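1. return atomic coordinates for the entry below.
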Amino acid sequence: MTDLTILKSTIEAIRPASAQTLQEAMAAMADKVKPLGSLGHLEDIATRIASLRGRVDLPEPTPAVVVCAADHGVASQGVSAFPQAVTGLMLTAFGSGGAAVAVLSRAAGARLVVADLGVIDPPAVPSLLDRSVRPGTADSALEPAMTVAEATLALEHGIGIAHELIDDGVDLIALGEMGIGNTTTASALTAALLGCDAAATCGRGTGLDDVQVAHKVSVVDQILARHATSGVSNDPLATLASIGGLEVAALAGVVLGAAERRIPVLVDGFITGAAALVAARLAPASTDAMIAAHLSPEPGHALQLAALGLRPLLDLEMRLGEGSGAALAINLVRSAIAVLTEMATFASLGPAETSPVA
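-> A predicted model of the protein is given here:
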C-alpha cells in the first residue's frame, strides 16, 4: 500500500525547463557554420534538451530503453488479434535479445531494461525486473481496472526505475511497452483524458480487420460509459485506475521521475503516448522532458501529440510498439546534441565580419 508520498513529492519537484538556457542554446546554434535554421527540427531537439538540462555543454548521452509490461483484463473482450499468453512470450524474446526493441537498442548503444508490472504468467527471465503490482488488471469494460492505490504504486515503481537508471549515469530514457489488449486501454484512456469519441482513438492495433475494429470501438464505448458513471473523469489518477493499465501507469511514472531529474524522455507510440498524457495531466511541466520519437498510424496518437504539443521526429508508419520507434530515435538525439556541442562556429573561424548566412 502507498500513501502518495513518493508520487506527490515527485510531482511537486517538477519544474519547467530553463528559458534562459534555451536562449543561450539558440544563440550558440545560430553561430554554427551553417545557414540559420538549416538543420530544422534537429536544432530544436538540441536546444530543448539544453533548456531541460540547464546547460549548453551537454555530454554525449548515455541511453536506456525502459519497457514496462502487464496484462489487461479487457483482453477477454476479444479486442486483440493475439491471445494474452503472448505478453509473457514476448518477455522471453526481450530477454533473449531477439525482439525488435532488443535489436534496435543494441544498434543505438542503449541499455534495455524490461520490467514486469503485472504479467499474469511471467517467464523466468533473469534480467526481468519484478515490479508486479497484481497479475493483470480487471476487465475495465465491466469494473475499474485497478484501485487508486494500485495505480499509484505502479506510478511509483516507474519513478523508482527512472531514478535508479539516472543514479547509474543514464541521461536519456526511451519508453517502450508490452501487453496484449493495451491499445484498447490506451484508446479508452486517451478518449477519457481528451474528451474524444472512441472511434477517433481506436485503430487496428495488432492487426485487426474492419469488423474487429468496430468491435473494439464498442468495447471502448462501454469502458467510457462505465467510467463516466464513476464521476472521476476530471481526476487523472482516478481515470488511470478506472481504465488502466499497470504498464501505462509505470511508464507515466518513468516520465515523472525523469522530468523531476531534468532528463529527457523519448516517447514511443500510442501506448506510451497515453502514459505521457497521464504524466502531463499530473504534472504539466513534465512535457518539457518529452520528445516524440515517431508518429504511429494509430489514429489516437496524433491526437495525443497535439495535446502534448509535441512534433514527432520520424514517420515510418511503425506500429509495433515495444519502444522500437523510441530506440530508433536515440541516434537522432545523439546527433542533435553533437551538432550543438561539437560543430564549429563562425566566431572560431577567424574574421569578425564572418556571419551566418540567412
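2. please enumerate the strands of the protein.
-> Assigned by DSSP state E, the strands in the chain fall at 63-70, 111-118, 129-130, 172-178, 265-267, 290-292.
3. could you give the number of residues near P284?
-> 12 (other Cβ atoms under 10 Å). For the C-beta atoms, the positions are set from N, CA and C on the backbone; glycine is no exception.
4. hang on, the earlier thing: can you redo the strands of the chain as CSV with mean neighbour count, distance to K216 and mean pLDDT?
-> Putting the strands of the chain into CSV (neighbours: other Cβ atoms under 10 Å; distance: least, Cβ to Cβ, whole Å; pLDDT from 0 to 100) gives the following:
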stretch, mean neighbour count, distance to K216, mean pLDDT
strand 63-70, 29, 19, 98
strand 111-118, 24, 21, 98
strand 129-130, 14, 30, 97
strand 172-178, 29, 18, 98
strand 265-267, 30, 23, 98
strand 290-292, 25, 24, 98
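5. ok, which of those strands comes nearest L320?
-> Closest to L320 of the strands of the chain, according to Cβ to Cβ: strand 172-178, at 9.8 Å.
6. and L314, what's its pLDDT?
-> For L314, the pLDDT comes out at 97.
7. hmm, S296 and it touching each other?
-> No - judged on Cβ atoms under 8 Å, L314 makes no contact with S296 at a distance of 10.4 Å.
8. quick one: common contacting residues for those two?
-> G325 (Cβ atoms under 8 Å, 6 or more residues apart in numbering).
9. neighbour-wise, which of these two wins?
-> The neighbour comparison of L314 against S296 (other Cβ under 10 Å) goes to S296, with 29 against 15.
10. check whether that one really touches D315, as I assumed.
-> No - if you go by Cβ under 8 Å, S296 and D315 don't touch, sitting 9.3 Å apart.
11. so for G207, what's the pLDDT?
-> For G207, the predicted pLDDT is 84.
12. from K216, how far off is it?
-> G207 is 12 Å from K216, where distance means Cβ to Cβ, to the nearest Å.
13. tell me the spacing between the closest residue to L142 other than its chain neighbours and V74.
-> Among residues not flanking L142 along the chain, R226 sits closest, at 7.3 Å (Cβ to Cβ, 6 or more residues apart in numbering). R226 sits at a distance of 11 Å from V74 (criterion: Cβ to Cβ).
14. one more: T341?
-> For T341 relative to V74 (Cβ to Cβ), the value is 46 Å.
15. quick one: which of the two has more around it?
-> Taking T341 and V74 together and counting by other Cβ under 10 Å, V74 has the greater number of neighbours (31 against 15).
16. report the contact partners of the more buried one.
-> V74 sits in contact with T137, D139, S140, A141, A145, G181, T184, T185, V219, I223, G244, where contact means Cβ under 8 Å, 6+ apart.
17. check it and give its pLDDT.
-> pLDDT, V74: 97.
18. ok, now H227?
-> Confidence score, pLDDT, at H227: 88.
19. one more: E43?
-> 97.
20. kindly report the same for N234.
-> 75.
21. distance of the closest residue to L314 other than its chain neighbours from A302?
-> Distance criterion Cβ to Cβ, 6+ apart; nearest residue to L314, sequence neighbours excluded, is H294 at 3.9 Å. Counting by Cβ to Cβ, the separation of H294 from A302 is 12 Å.
22. neighbour count winner among those two?
-> H294 (23 against 16).
23. how many residues are close by the residue nearest to L142?
-> Around R226 there are 17 residues (other Cβ under 10 Å).
24. list the residues that contact it.
-> Contacts of R226 (Cβ under 8 Å, 6+ apart): S140, A141, L142, E143.
25. dig out what the closest residue to R111 other than its chain neighbours forms beta bridges with.
-> Leaving aside its sequence neighbours, R111 sits nearest to A64 (Cβ to Cβ, 6+ apart; 4.3 Å). In this structure, A64 bridges to R111, I173 when assessed by DSSP bridges.
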